[in-house]
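Novice: quick check, what structure comes out for this input:
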Amino acid sequence: MRTEEEITGAPLAAGARDVARLAAHHAADADRERRLRPDVVRAVVDAGFARHFVPRRWGGTAGTFTELADAVTAVGEGCAATAWVASLGSTVARMAAHLPEKGQAELWAEGPDTLLVGALMPVGRAEAVPGGWRLSGTWSFISAVDHSQWALVCATTPADGQHRARYFAVERAVYTIRDTWFSVGMRGTGSNTLVLDGTFVPEHLSFDREQVMEGTGSPSPAACHRVPLKAVNGLSFVLPVLGAARGMLTAWTAWAAARAGAGAAHDAGFRDVLARTAGELDAAELLVRRAAAVADQGTYTGLLTARGARDCALASETLLTAVNRMFRATGTSGQAAGGPFERSWRDVNSATSHLVLRLDAAATAYAEQVLAEG
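Specialist: Have a look, this model is predicted:
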């Protein structure tokens, strides 16, 4: 295991290559066991993903979205599930930077490499009690929850006769985990269910959901903590897909070229699939990189926020089309269970079905902003 100095000084993307190799070696194991191996999770943390968006005051990097995009994509070329865990681990830590200072101090008391997992939707219930909240709920699909040290969950709270959503940070000792993740794709994410039953959460371990959605309220001065979640939420989910698609294209190109032999460049079917797929992956990457670059600039309008969500959703659709084309092009001979393409095909189809990557919702928000500014 690397030293603290080596971890802190290593660029995220450089460490990601090592993670990708290890994750690719264990990808079949993760698929079969429905969770990542502990050494793979440790490698993700050691590479700097957990600390990437942690405020510098707690020893974190407070890094950029562009660097995260490079790193997650690299990991995704080796294993989509590992990239998913790395991406969400970074994202949840960025959200946790909206906790009050006292809460952040408790969360990162042992250092910035605490592995957080999260539930974005307010499906729990919280009742105000002296000094904090009484929290109960069942949160499904919490990726890497079995490896977590803390979790950030969302619940509704009564306020002035209405219900408001809040996030709550809870440590591993207070929640239970149900083994419920039996998915067709992204099996290695271990997205099981987290349960709380009347747990007391002090006030300093909670914050209003609207703050992180709008990019306001964080005590951190870093630009990455001022970015609205709704502008970059799609990045967390589309980056692993981009990596998986790139990994599949590399494998497909070698496989198809070997089958076509010396005449591969003149084979019409090979040329068409290769050119269209590579072009679509490039187009998707340009959309994703623009969203990351805008986030790093730190200046947002309603239209830029809506465009970021639109770009991620459109990139997701484009990647899905490309991956399905490659899979169809393999024919029966390339679609064997356990073959080089089957897992990537399942993972991409599963990942792109995530609610955050739906184009219909993103299109509505984008159209509203365009018409409002027109």
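Novice: measure the residue nearest to Thr176 when sequence neighbours are not counted to Thr157 for me?
Specialist: Spatial nearest neighbour of Thr176, excluding adjacent residues (Cβ to Cβ, 6 or more residues apart in numbering): Val195 at 4.8 Å. Where you see a C-beta, it was placed from the backbone N, CA and C, and this is true even at glycine. Noted for Val195: a distance of 19 Å to Thr157, by Cβ to Cβ, to the nearest Å.
Novice: swap in Ala27?
Specialist: Counting by Cβ to Cβ, the gap from Ala27 to Thr157 is 41 Å.
Novice: who has more neighbours, the two?
Specialist: Ala27 (24 against 21; other Cβ atoms under 10 Å).
Novice: the more buried one and Phe327, how far apart?
Specialist: For Ala27, the distance to Phe327 - Cβ to Cβ - is 17 Å.
Novice: how about Val241?
Specialist: For Val241, the distance to Phe327 - Cβ to Cβ - is 14 Å.
Novice: those two - which one has more neighbours?
Specialist: Neighbour totals were compared for Val241 and Phe327, and Val241 leads with 34 against 20 (other Cβ under 10 Å).
Novice: please name the residues that touch the more buried one.
Specialist: By Cβ atoms under 8 Å, 6 or more residues apart in numbering, the contact list for Val241 reads Gly76, Ala80, Ser316, Leu319, Leu320, Val348, Ala351, Thr352.
Novice: want to throw those into TSV with pLDDT?
Specialist: As requested, the contacts of Val241 are exported to TSV (pLDDT from 0 to 100):
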residue	pLDDT
Gly76	98
Ala80	98
Ser316	98
Leu319	98
Leu320	98
Val348	98
Ala351	97
Thr352	97
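Novice: now those: which count as buried?
Specialist: Listed as buried from the contacts of Val241 are Gly76, Ala80, Ser316, Leu319, Leu320, Val348, Ala351, Thr352; burial here means 16 or more other Cβ atoms under 10 Å.
Novice: quickly find the element holding the residue nearest to Thr176.
Specialist: strand 192-202 (DSSP states H and E).
Novice: what mean pLDDT does the helix or strand following that strand have?
Specialist: Downstream of strand 192-202, the next assigned helix or strand under DSSP H and E is strand 206-208. The average pLDDT for strand 206-208 rounds to 96.
Novice: what residues of whichever helix or strand comes after strand 206-208 count as buried?
Specialist: Using DSSP H and E, the helix or strand that follows strand 206-208 in sequence is helix 209-214. Buried residues in helix 209-214, counted by 16+ other Cβ under 10 Å: Arg209, Gln211, Val212, Met213, Glu214.
Novice: between the residues you listed, which sits nearest Thr114?
Specialist: When the buried residues of helix 209-214 are compared for distance to Thr114 (Cβ to Cβ), Val212 wins out at 17.9 Å.
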